[in-house]
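Visitor: Need a 3D model of the sequence below.
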Amino acid sequence: KPTIEGAGVKLRRAFGFGNTAEFDPFLLLDDFRNENPDDYLAGFPWHPHRGIETITYVLAGTVAHGDSLGNRGSLGEGDVQWMTAGSGILHQEMPQGDAHGRMHGFQLWANLPSSLKMTTPRYQDVSAQDIPDVIDDDGTRVRVICGNFWGKSGPVDRVAADPRYLDVSVPPGQRKRLAVETS
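Guide: Predicted coordinates:
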């Protein structure tokens with residue numbers, strides 16, 4: 001995974017840009033894990049998005065955000081923001097870290113189908129406490145952010161790609177196999 005510096009922020013890109021056909025409709029996945037505030041405090045000042053959805057999942061620290069529509073807020077540990085840029089939006093995301101200087105999260109970009117590229121922009125800000133947990137007998141914990149899994153539905157809805165977005169934690173020493181739908 002290459003380390004990327006964008007707008008002064010160091011992050012790891014799991015995939016993105018170049019040929020993304022293998023990941024369609026997903027365009028990129030960034031891991032912004034860092035313990036050095038100098039490597040993330042520059043943040044992502046005002047920039048545009050159009051025709052995509054950006055999904056930000058914060059695991060440690062906080063991210064302050066704002067947009068050209070007047071929306072403002074902060075994402076904390078376990079929170080998710082699903083932004084549908086649609087016809088276009090200017091926004092900013094400014095990581096702030098936690099009390100120990102740690103910042104960790106993921107951002108995924110999903111391409112909108114041509115029929116939705118000019119849709120009205122919208123946000124789905126989801127607090128950590130609104131994301132259902134499912135715990136299996138072996139201690140495996142799954143947070144269901146979007147889609148359905150083990151009888152629970154995630155709070156994010158009306159998403160063009162109709163994905164299943166899960167946070168799976170398997171206890172140390174355990175091995176877990178999860179069926180993945182391939183249709």
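Visitor: Beta-bridge partners for the most centrally placed residue in the chain, please?
Guide: Centroid-nearest residue in the chain, with Cα atoms, centre = their mean: Thr56, separated by 2.7 Å. On DSSP bridges, the residues paired with Thr56 through beta bridges are Gln81, Gln107.
Visitor: give the contact list for it.
Guide: Val63, Leu75, Val80, Gln81, Met83, Glu93, Gly105, Phe106, Gln107 (Cβ atoms under 8 Å, 6 or more residues apart in numbering). Where you see a C-beta, it was placed from the backbone N, CA and C, and this is true even at glycine.
Visitor: Same check on Gly101?
Guide: Counting by Cβ under 8 Å, 6+ apart, Gly101 has contacts Glu35, Asn36, Pro37.
Visitor: Just the closest of these to Ala161, please.
Guide: If you rank those by distance to Ala161 using Cβ to Cβ, Glu35 comes first, at 32.2 Å.
Visitor: Quick check: chain neighbours aside, which residue is closest to that closest one?
Guide: Arg102 (5.2 Å; Cβ to Cβ, 6 or more residues apart in numbering).
Visitor: got the contact list for the one you found?
Guide: Asn34, Glu35, Ala60, Gly61.
Visitor: Since that was my last question, I'll sign off now.
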